[in-house]
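Show me how the following folds:
(chains A and B)
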Amino acid sequence: MSVDEQFGVIKLGAILKVEHVSKIYQADNGEIEALKDISFEVQEGEYIGIVGPSGSGKSTLLSIIAGLIKPTSGDVYINGNRISGISSDIGYMLQNDNLLEWRTIIRNVLFGLEIRKMLTEENIEYAEQLLKNYGLYEFRDKHPSQLSGGMRQRVALIRTLAVKPKILLLDEAFSALDYQTRLAVTDDVYQILKRENMTTLMVTHDIPESISMSDRVIVLSKRPAQIKHILNIEFPEDVRTPLLRRNNPNFGQYFNKIWRELDVHI
Amino acid sequence: MSTYEGISEARAAYLRKIRRRKIFVAATQFLILAGSIALWEILGRLKIIDSFIMSQPSRIVKTFVHMLNNGLLLHIGVTCFETLIGFLLGAMIGTLIALILWRSSFISRVMEPFLVVLNSLPKIALGPVIIIWVGAGSKAIIVVALAISLIVTVLEMLNGFLSTDSETIKMATSFGANRTQVFTKIVFPANVGTLFNSLKVNIGLSLVGVIAGEFLVSKAGLGYLIVYGGQVFQMDLVMCSVIILAVVAYLMYQAVVLLEHYVNKIMNLGIK
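Got it, this is the predicted structure:
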């Protein structure tokens, strides 16, 4: 086998590999075991939903993948490279859009490039193209406070995409929005991400949201979080958007399955 | 009503009501001021109050005109200069110390009890020490003004820095921002409002420091005029200086407000 072919084989492998990741937090009143032996793989272009009871360490898992915190044991690999620290291959979107009020939309969008000192003409052009593609170009000189919640979320997404990440992490990225806006924004974001063929990991406590967007849903247990189940989500060819998925008969079945797995008690 | 063309009757009535309320407030304020001055003058003329001790508006005006030809502007200038220097030094050094404390949680934890004690200590008490250390004169007065405003600035700015939204910082960190970038691009711009709040408090505190300093040691300044007037029992001079001081304090405060508006405008234009 030639070198080229070998590389070809590697490329076809998982873009993200999480191997035996555990996390134990040290607190004043003792140890908190947040994650226990989490392992999974993600293929390029996949949309993965991660659901679990609140406080189960879902966000901890994303923070570890993003390199913001170190796992107690275990490793994370992106394209076969073990990550240590913040990786430029990762885009991270949080619950709030975190737009900077004192910056215009375009300067908010360029924020990541500015931090990474990558404000080249080509990259700026790409960011402007994203604004154009997603209908925000005319707002480039406006301030975040002049935009609606849904538009702000879209700006935050473009800010993340502008640094050309290979993997996008969404940490409850839509839960700050009201229900109607959220349905519209998830539809919107989903189509943007599919168009950009973005590999995405989305943490959410909202089961319907995870079913409506994901190719696979990882169900985590209570703390310490372990993988309880990985569920393949399949819909007919013509059911392409989150809103259409919500109206499909498969939707209810998946919901019941995940609901049972989560084993929610009050 | 030609002023309210093209709007509904109810809206016009609402706007009229708001305007009337505004005028009423301004008129009442003016009446209180004019009334007190007039009452003061009349009571003095009727010898109901002793205008030698209480002074009198007409005598204050006379003193003011007399002083204008005898170096009043110099005294005002000296006080303004000392206040401004103390104020600017306090703001800059205070913000710098707050930055150091924000960057190192070790230093900030070590310094905490000292800062609390220094904050509660009446800094005027250090006046004699400062005079002996830096020498009598303008320098000592500026240091007194600085001492009064510095700790407050440090505490307020540090508090602002530390309460910057942690999610926004996390966003910047996830792009790989280092501590310096987090400070210059997130923490500092997010606290421009805090800075101006502390500047507004500081302009008053610096004036307190300067006047107290001038009481202790000076050859010029409004504080000097007040003390001198008291010593020679010239109440007209004391009152005149106090009123000028009030106007100076107001104008300095307004200057900070104006600067704040200006900075907000620049930031909203999104200039790099």
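
biggest helix in the chain, by residue count?
As the question left the chain open, I've gone with chain A. helix A:179-195 (DSSP state H).

Actually, chain B is the one I wanted.
Chain B, longest helix under DSSP H: helix B:9-45.

Can you list the buried residues in that helix?
By neighbour count with 16 or more other CB atoms under 10 Å in any protein chain shown, helix B:9-45 contains the buried residues B:40, B:41, B:44. In this view, the C-beta of every residue, glycine as well, is placed from N, C-alpha and C.

what's the closest of these to residue B:98?
Residue B:98 lies nearest to residue B:40 out of the buried residues of helix B:9-45, by CB to CB, at 45.1 Å.

show me what contacts that closest one?
For residue B:40, the contacting residues are B:49, B:54, B:56, B:57, by CB atoms under 8 Å, 6 or more residues apart in numbering or on different chains.

cool, and residue B:52?
Residue B:52 makes contact with residue B:235 under the criterion CB under 8 Å, 6+ apart.

Give the full set of residues in contact with the residue nearest the centre of chain B.
What sits nearest the mean C-alpha location of chain B, by CA atoms, centre = their mean, is residue B:203, with 2.4 Å. Neighbouring residues of residue B:203 by CB under 8 Å, 6+ apart: B:83, B:87, B:249, B:252, B:253, B:256.

What of residue B:165?
Contacts for residue B:165 were tallied using CB under 8 Å, 6+ apart; they are A:98, B:190.

ok, the closest residue to residue A:181 other than its chain neighbours to residue A:24 distance?
Nearest residue to residue A:181 in three dimensions, chain neighbours excluded: residue A:150, at 4.9 Å (CB to CB, 6 or more residues apart in numbering or on different chains). Counting by CB to CB, to the nearest Å, the separation of residue A:150 from residue A:24 is 39 Å.

neighbour-wise, which of those two wins?
residue A:150 (18 against 14; other CB atoms under 10 Å in any protein chain shown).

What's the per-residue pLDDT of that one here?
Note on residue A:150: pLDDT of 84.

got it, and residue B:1?
pLDDT recorded at residue B:1 is 45.

next one: residue B:272
With respect to pLDDT, residue B:272 has a value of 41.

sorry, back to before: with pLDDT and distance to residue B:118 as new columns, can the buried residues of helix B:9-45 be given to me in JSON lines?
Formatted as JSON lines, the buried residues of helix B:9-45 follow (pLDDT from 0 to 100; distance: CB to CB, whole Å):
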{"residue": "B:40", "pLDDT": "94", "distance to residue B:118": "41"}
{"residue": "B:41", "pLDDT": "94", "distance to residue B:118": "46"}
{"residue": "B:44", "pLDDT": "92", "distance to residue B:118": "45"}
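
where do the strands sit along chain A?
Shown for chain A, the strands assigned by DSSP state E span residues A:16-27, A:30-42, A:47-51, A:73-78, A:81-82, A:90-93, A:167-171, A:199-203, A:216-220, A:227-232.

okay if I get those strands as TSV plus distance to residue B:190 and mean pLDDT?
As requested, these are exported to TSV (distance: least, CB to CB, whole Å; pLDDT from 0 to 100):
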stretch	distance to residue B:190	mean pLDDT
strand A:16-27	28	92
strand A:30-42	29	91
strand A:47-51	31	94
strand A:73-78	31	93
strand A:81-82	35	90
strand A:90-93	20	92
strand A:167-171	21	93
strand A:199-203	26	94
strand A:216-220	34	93
strand A:227-232	38	90
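
Out of the ones you listed, which gets nearest to chain B?
Closest to chain B of the strands of chain A is strand A:90-93 (CB to the nearest CB; 3.8 Å).

For the closest one, what is the distance to the chain centroid?
7 Å (CA atoms, centre = their mean, to the nearest Å).

And that strand, what's buried?
For strand A:90-93, the buried set under the neighbour-count rule, 16+ other CB under 10 Å, comprises A:90, A:91, A:92, A:93.

Could you do stretch B:227-237 as well?
Neighbour counts over stretch B:227-237 (16+ other CB under 10 Å) mark B:227, B:228, B:229, B:234, B:235, B:236, B:237 as buried.

Dump the C-alpha coordinates for that stretch into PDB.
Taking Å, rounded to 0.1, in the frame of the first residue of the first chain, the C-alpha atoms of stretch B:227-237 are listed here in PDB:
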ATOM      1  CA  VAL B 227      -9.200  78.900  55.500                       C
ATOM      2  CA  TYR B 228      -7.800  82.400  55.200                       C
ATOM      3  CA  GLY B 229     -11.200  84.000  55.200                       C
ATOM      4  CA  GLY B 230     -12.100  82.000  58.300                       C
ATOM      5  CA  GLN B 231      -9.000  83.100  60.100                       C
ATOM      6  CA  VAL B 232      -9.500  86.800  59.400                       C
ATOM      7  CA  PHE B 233     -13.300  86.500  60.000                       C
ATOM      8  CA  GLN B 234     -14.100  87.500  56.400                       C
ATOM      9  CA  MET B 235     -17.300  85.400  56.000                       C
ATOM     10  CA  ASP B 236     -18.000  87.000  52.600                       C
ATOM     11  CA  LEU B 237     -14.700  85.600  51.300                       C
END
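
From residue B:134, how far out is residue B:263?
Applying CB to CB, the value for residue B:263 to residue B:134 is 33 Å.

what does residue B:9 give?
Taking CB to CB, one finds residue B:9 at 68 Å from residue B:134.

Get me the contact residues on chain B for chain A.
Applying CB under 8 Å from any CB of the partner chain, we find that chain B lies next to chain A at B:165, B:167-168, B:170-177, B:181, B:185-186, B:189-190, B:192, B:267-268, B:270, B:272.

and the residue of the stretch 1-150 of chain B nearest chain A?
For the stretch 1-150 of chain B, CB to the nearest CB, closest residue to chain A: residue B:109, 15.3 Å.

where's that residue, which helix or strand?
Using DSSP states H and E, the element containing residue B:109 is helix B:105-120.

Now do the buried residues in that helix.
By 16+ other CB under 10 Å, the buried positions in helix B:105-120 come out as B:108, B:111, B:115, B:118.

Then stretch A:121-131?
Of all the residues in stretch A:121-131, those buried under the rule 16+ other CB under 10 Å are A:123, A:124, A:126, A:127, A:128, A:130, A:131.

quick one: average confidence on it?
93.

and that stretch, anywhere near chain B?
No - residues of stretch A:121-131 contacting chain B under CB under 8 Å from any CB: none, with a closest distance of 13.1 Å.

neighbouring contacts of that stretch?
Residues outside stretch A:121-131 that contact it (CB under 8 Å, 6+ apart): A:105, A:106, A:109, A:110, A:113, A:137, A:139, A:140, A:158, A:161, A:162, A:164.

ok, of those, which one's closest to residue B:91?
Nearest to residue B:91 among those is residue A:110, at 30.6 Å by CB to CB.

Which residues are in contact with the closest one?
A:119, A:124, A:127, A:159, A:162.

Tell me how many other residues crowd the last one.
The number of residues packed around residue A:162, counting by other CB under 10 Å, is 24.

Which residue comes closest to it once chain neighbours are left out?
Residue A:162 sits nearest to residue A:127 (CB to CB, 6+ apart), 4.1 Å away.

ok, the one you found to chain B distance?
Distance of residue A:127 to chain B, computed by CB to the nearest CB, to the nearest Å: 13 Å.
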